[in-house]
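1. Quick one: sequence plus predicted model below, questions after.
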Amino acid sequence: MDFEPARPLTKRLRPGHWVALDVVTALVVTPIAGLRVVHAYHRFDPHGRGYRQPSAGELGIALVAVAVLGLAFATRRVWPLPAAGAILAAWLVVVAVDGRLTIALVLGGPFVVLASMGVVYVAATRCRPRPGLAVLGSALVGAGAWWFGSADLRRNGWLPVLFSVCAWAVGYAVGRHRAYAAELREHHAHVVRSEFAEERLRIAREVHDVVAHSLGVVNVQAGYGGFVLDARPEEARAALAAIQATSRDTIHEMRGLLGVLRAGAPADRLPAPGLADLASLVEQTTGAGVRVELVVVGEARELPAGIELSAYRIVQEALTNVVRHAHTRAARVEVAYREGEFAIEVTDRGRGGAIAPGGHGLAGVRERVGLYGGEFSAGPMPERGFRVAAVLPFAGRAR
């Protein structure tokens, strides 16, 4: 029994799960940041740098900024641009009010930098290049505000610049990788759909060619047998024998075709008759009441299997139309072995209407010929009858 390997956890999480994870992270980190700010309010000059104690209003502004940072981080995947603007606005207010105090250093060092990195990364990953660069620009503007604060704040001003640029670079690389992977998946799905449609079309052609010819012969023989049943029972028995032989051959071919399909083999592994079976096809058509003259021009030789199958199906379809629609007793099949190509011509002297109205037979023949870059024509002849002609190249011109 085959087991598929489990996908990584990051591949199994949906967008809603990532948003929930950001919300949980914000709910955990925001109170920690608030406690750090309150601690800096009470220990306003831990290193003896001469910082004064913040006022209650300055503490309140810092706490509001903490809440804004938490909200921006929680909504960064949903609204990256507004989140970046909120972080920039909150940090500019903090620098303007508390820039000379320990609170700004405590708040800016880990929390503003981390919040900016998170928003920049998401924007670079999910947004188009222009909005992503806009978010990076807002983070760099916020980093520039560090140079208007205390000496300790200016001394660490390189941190937000470095981390913001790194976050954007990593996010941009991840985003492009995801886009490329999505394009590959779409291309693969398109190729699979195209191959599936081609397989269906090829199988449909094979089934049509097998069933249409056989049922055409059976239909003619059954009608003829019923017509002569009382007057000429010997001929009726011959018609029944022809029906039996035709149906037996069809059942054999259909069993082979279905066996290949059940085995999961591609359509090009279907049972394939070839030019060697033309004599049997001519005999079968003659048994249906249409005498067929088979003419071979050139030295017979082995051709590629695809060419032989297509040639057989072209002759089969043309003779089927003669039997069913031409209302004639004779037809002529000429096959010509030429240099680098194989030519087929099927003609009759019937009413000139050897085409089934609304049928798909000759359309399938045209598709077969088109696969090999060949030439195909079908239509009434000038005086009387119908002509089907095809040229199948096999010297490197097949598509």
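-> That came in fine, so what should we check first? Quantities reported herein were computed from a predicted structural model and do not represent experimental measurements.
2. where's the closest residue to residue 341 other than its chain neighbours relative to residue 370, distance?
-> Among residues not flanking residue 341 along the chain, residue 393 sits closest, at 4.5 Å (Cβ to Cβ, 6 or more residues apart in numbering). C-beta: built from backbone N, CA, C; applies to glycine. For residue 393, the distance to residue 370 equals 12 Å [Cβ to Cβ, to the nearest Å].
3. Comparing those two, which residue is more hemmed in?
-> Between residue 393 and residue 370, residue 393 has the larger neighbour count (other Cβ atoms under 10 Å), namely 17 against 12.
4. Buried ones in stretch 384-391, by neighbour count?
-> 385, 386, 387, 388, 389, 390, 391 (16 or more other Cβ atoms under 10 Å).
5. Turn those into CSV, including pLDDT.
-> Formatted as CSV, the buried residues of stretch 384-391 follow (pLDDT from 0 to 100):
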residue, pLDDT
385, 88
386, 91
387, 91
388, 92
389, 93
390, 93
391, 93
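6. on that earlier part again, residue 371 is in contact with the residue nearest to residue 341, correct?
-> No - here residue 393 does not reach residue 371: they are 11.1 Å apart, not a contact under Cβ atoms under 8 Å.
7. Show me the strands in the stretch 201-350 of the chain, by range?
-> All strands of the stretch 201-350 of the chain, identified by DSSP state E, counting those that start in this stretch, fall at 291-297, 330-338, 341-348.
8. To residue 190, which of those strands lies closest?
-> For these, the distance to residue 190 is smallest for strand 341-348, at 33.1 Å, taking Cβ to Cβ.
9. Hmm, residue 316 is touching residue 281, no?
-> Yes - contact criterion Cβ under 8 Å: residue 316 and residue 281 qualify, at 5.9 Å.
10. about what we covered before: next, format the strands of the stretch 201-350 of the chain as CSV and append mean neighbour count.
-> Shown next, in CSV, are the strands of the stretch 201-350 of the chain (neighbours: other Cβ atoms under 10 Å):
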stretch, mean neighbour count
strand 291-297, 14
strand 330-338, 18
strand 341-348, 22
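11. need those strands in TSV with distance to residue 308, can you?
-> Formatted as TSV, the strands of the stretch 201-350 of the chain follow (distance: least, Cβ to Cβ, whole Å):
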stretch	distance to residue 308
strand 291-297	14
strand 330-338	11
strand 341-348	9
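12. Out of those strands, flag the one nearest residue 26.
-> Of the strands of the stretch 201-350 of the chain, nearest to residue 26 by Cβ to Cβ is strand 341-348, at 73.2 Å.
13. Adding mean pLDDT, write the strands of the stretch 201-350 of the chain out as TSV.
-> Formatted as TSV, those follow (pLDDT from 0 to 100):
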stretch	mean pLDDT
strand 291-297	91
strand 330-338	92
strand 341-348	92
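14. per-residue confidence averaged over whichever strand or helix holds residue 68?
-> Counting by DSSP states H and E, the secondary-structure element that holds residue 68 is helix 56-74. Model confidence over helix 56-74 averages 82 on the pLDDT scale.
15. Pull the residues that contact that helix.
-> Helix 56-74 has contacts (Cβ atoms under 8 Å, 6 or more residues apart in numbering) with 19, 22-23, 25-27, 29-30, 33-34, 37-38, 41, 54, 82-84, 86-87, 89-91, 93-94, 97-98, 101, 103-104, 107, 111-112, 115, 118-119.
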